[in-house]
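> Need a 3D model of the sequence below.
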Amino acid sequence: MSYQKSPARREPEKSEGFFSLTLGRKKKQRDSVNALDIEARDAIDGGTVTQEIDPSSFHLEEGEERSMIDQKSREAKDVVDLERVLMEWIDDVLVEQRIIVKNIQEDLFDGQVLQKLLEKLGDVKLQVPEVTQTAQGQKDKLRAVLDKVSQQLQIQSWNETKWSVDSIHSKNLIAILHLLVALAAHYKAPIRLPEDVHIKVVVVKKVGGKLEHRMVEEQITSTMDQMTGGKFERDAFDTLFDHAPDKLNIVKRSLIEFANRHLDKLNLAVTDLDTQFADGVYLVLLMGMLEGYFVPLHSFNLTPESFDHKVHNVKFAFELMTDAGLPTPKARPEDVANCDLKSTLRVLYNLFTKYKKN
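Model prediction:
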């Protein structure tokens, strides 16, 4: 994150981390407890299990419970996609302040980015110190931010929600995701969150002097309608995919014929709508043909070699559409670049609607 960080942000020494201990290796209880203290943010309430954990490694008091995110679940595509979409949304909201979130846990735990995000989204101003140098100062800022979130979202008490000052400050991934999803839904963020995202959590508890462990699933997102209270605007393509998939090929053929009618002048042809628009090249060239101008080759990547190049091309095509008087596409450039068919169809259909008589 390109933002001045508080001096309090320091990583513990990895050599003393609890999860770096070799399985089965005997350690004194005192050493294990110290290690747990050092790595508390990773081992308690939402940390990540980085390897298979032997329950005998835990030293818990009777009735005490600890939970950790299952590593495979943490690396699941829908979880990774959710983090990416939320981070890119924050970057877009705070672009004028040149804030870039690189790690959703490390960059949001101290309240600085959350403060800026809430002030921008809610058009409010929080009376808190700009930079906090102590853990207590960070928690005080977080408390002020979460109090304002409760007011904005009309929540009776954020203590009753799935996040808290302590959970956010301890870099609890699940709590941070719950908070961001709630903000995105309330402020009608122009993004499409992955639906039905679940994270598996390993829970270890001491009962009757013995350790018991179980796997539970934490639901982070549901459907867009449920998350937004039905406020998310569905369109014809949602209906098409949900209720009339048999007609999908008809729509695709019509859009392919439309695109080829214009791209043929450049001796180009679309045969696979699902993938050929993903790098943005055909979109840029198509806009030039539709509007009757030559697009300078230095303005985009004619032979994109990376995902960033593809996203740049799609964004540039979107700018050309806006300049032509078209509404800003609802689709995200990243989704088009990821070969999301529904997003590609939305973009092409907007062009078809305006230029079909050309």
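> confidence score at residue 73?
Looking at residue 73, its pLDDT is 89.
> go on, residue 23?
pLDDT, residue 23: 35.
> What of residue 280?
95.
> One more: residue 63?
pLDDT, residue 63: 76.
> The closest residue to it other than its chain neighbours pairs with what?
Computed as C-beta to C-beta, 6 or more residues apart in numbering, the closest residue to residue 63 that is not its neighbour in sequence is residue 206, at 6.6 Å. The C-beta positions use only the backbone N, C-alpha and C, and glycine is treated the same way. Under DSSP bridges, the beta-bridge partners of residue 206 are residue 211.
> How much space separates residue 206 from residue 335?
To residue 335, residue 206 is 46 Å away according to C-beta to C-beta, to the nearest Å.
> Look at these two and report which has more neighbours.
Legend: neighbour count by other C-beta atoms under 10 Å for residue 206 and residue 335, higher for residue 335 (24 against 18).
> Touching, the more buried one and residue 345? I think so.
No - checked against C-beta atoms under 8 Å, the pair residue 335 and residue 345 is beyond contact range at 11.2 Å.
> And what about residue 148, helix, strand or coil?
Following DSSP: H, G, I helix; E, B strand; the rest coil, we place residue 148 in the helix state.
> From what I see, it and residue 126 are in contact.
Yes - in this structure residue 148 lies within contact range of residue 126 using C-beta under 8 Å: 6.1 Å.
> Settle it for me: which of these two has more neighbours?
Between residue 148 and residue 126, residue 148 has the larger neighbour count (other C-beta under 10 Å), namely 20 against 16.
> Leaving out chain neighbours, which residue sits closest to residue 356?
Nearest to residue 356 is residue 258, by C-beta to C-beta, 6+ apart, at 6.5 Å.
> now the helices: where do they sit in the stretch 151-300 of the chain?
Per DSSP state H, counting those that start in this stretch, the stretch 151-300 of the chain carries helices over the ranges 165-169, 173-186, 224-227, 236-243, 248-263, 273-276, 281-291.
> Counting by contacts, list what the first one packs against.
In this case it means helix 165-169. Where contact means 3 or more C-beta pairs under 8 Å, 6 or more residues apart in numbering; DSSP states H and E, helix 165-169 is packed against helix 135-153, helix 173-186.
> which one of the ones you listed is the most hemmed in?
helix 173-186 (a mean of 22; mean count of other C-beta atoms under 10 Å).
> which other residues reach it?
Helix 173-186 is contacted from outside by 45-46, 48, 69, 74, 82-83, 86, 89-90, 104-105, 108-109, 114, 117-118, 121, 149, 152-153, 161-164, 167-168, 189, 191, 193, 199, 201, 218, 220-221, 227-229, using C-beta atoms under 8 Å, 6 or more residues apart in numbering.
> So the residue nearest to residue 63 sits against residue 213, correct?
No - the criterion here is C-beta under 8 Å, and residue 206 misses it with residue 213 at 10.3 Å.
> circling back: which PyMOL command selects the buried ones in the contacts of helix 173-186?
Buried subset of the contacts of helix 173-186, written as a PyMOL selection, criterion 16 or more other C-beta atoms under 10 Å:
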select buried, resi 45+46+48+69+74+82+83+86+89+90+104+105+108+109+114+117+118+121+149+152+153+161+162+163+164+167+168+189+193+199+201+218+220+221+227+228
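> Tell me which of the contacts of helix 173-186 fall in strands.
48, 69, 199, 201, 218 (DSSP state E).
> who's the third one bridged to?
The reference is to residue 199. Applying DSSP bridges, one finds that residue 199 bridges with residue 218.
> for it, what are its contacts?
69, 70, 73, 74, 76, 79, 173, 174, 177, 217, 218, 220.
> The third one and residue 200 touch, don't they?
Yes - using C-beta under 8 Å, residue 73 is in contact with residue 200, at 3.8 Å.
> Tally up the residues packed near the residue lying closest to residue 219 once chain neighbours are set aside, please.
Distances taken as C-beta to C-beta, 6+ apart place residue 198 nearest to residue 219, at 5.3 Å, with adjacent residues excluded. Residue 198 has 15 neighbouring residues, counting by other C-beta under 10 Å.
> per-residue confidence at residue 198?
92.
> wait, it sits on residue 218?
Yes - with contact defined as C-beta under 8 Å, residue 198 counts as touching residue 218 (6.6 Å).
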